[in-house]
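Trainee: Give me the fold of what follows.
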Amino acid sequence: MAQFFIVVFIVFCSTAQAQFSARNLMENQYGKLPDTDQSNFSSSYNKLIVNYRFDDLKATSGVQAFQTSFTDRN
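Mentor: Coordinates of the predicted model:
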């Protein structure tokens, strides 16, 4: 148990050398589209952005996805 507290103390007292951050945007839609006779339309949009910073090095990467129940719209 004492080893755990020593590790926690070292982690919280040391300075950070690098930084990660992430952002996520998710949007879901469900309902009938205007001016259509089709059944209810559902879609999902998801975007993830990850940042990394170390001294003067900065890197950013992102992934996004769009899904619907209609294969011709994906």
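
Trainee: What residues sit buried inside stretch 38-51?
Mentor: Neighbour-count burial for stretch 38-51, with 16 or more other CB atoms under 10 Å as criterion, is recorded at S43. Any C-beta I mention is one placed from the backbone N, CA and C, and that applies to glycine too.

Trainee: So which residues lie in contact with it, not counting its own?
Mentor: Stretch 38-51 has contacts (CB atoms under 8 Å, 6 or more residues apart in numbering) with 19-33, 58-70, 73.

Trainee: One more pass at 6 Å, please.
Mentor: With CB atoms under 6 Å, 6 or more residues apart in numbering as the contact definition, stretch 38-51 has outside contacts at 21-33, 60-69.

Trainee: Across the sheet, point out what pairs with the nearest residue to F70 once chain neighbours are set aside.
Mentor: Closest residue to F70 apart from its sequence neighbours, by CB to CB, 6 or more residues apart in numbering: F41 at 7.7 Å. Beta bridges link F41 to G31, judged by DSSP bridges.

Trainee: Can you tell me which helices and strands the worst-scoring helix or strand of the chain on mean pLDDT packs against?
Mentor: Considering only helices and strands, the least confidently modelled element of the chain by mean pLDDT, DSSP states H and E is helix 2-13, at a mean of 72. Secondary structure elements in contact with helix 2-13, counted by 3 or more CB pairs under 6 Å, 6 or more residues apart in numbering; DSSP states H and E, are absent; no helix or strand qualifies.

Trainee: Near A59, how many other residues are there?
Mentor: Here the neighbour count serves as a burial measure; for A59 (other CB atoms under 10 Å) it reads 9.

Trainee: What pLDDT is listed against it?
Mentor: Residue-level confidence at A59 comes out at 95, pLDDT.

Trainee: could you dump the strand or helix carrying it to CSV, C-alpha only?
Mentor: With the criterion set as DSSP states H and E, the secondary-structure element containing A59 is strand 57-68. What follows is strand 57-68, C-alpha atoms only, in CSV (Å, rounded to 0.1, in the frame of the first residue of the first chain):
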residue,chain,number,x,y,z
LEU,A,57,6.3,19.9,-31.5
LYS,A,58,2.6,20.1,-32.1
ALA,A,59,0.6,17.4,-33.8
THR,A,60,-3.2,17.1,-34.5
SER,A,61,-5.2,14.2,-35.9
GLY,A,62,-8.9,13.8,-36.6
VAL,A,63,-11.4,11.3,-37.6
GLN,A,64,-15.0,11.8,-38.7
ALA,A,65,-17.9,9.5,-39.6
PHE,A,66,-21.4,10.0,-41.0
GLN,A,67,-23.9,7.2,-41.0
THR,A,68,-27.5,6.9,-42.2
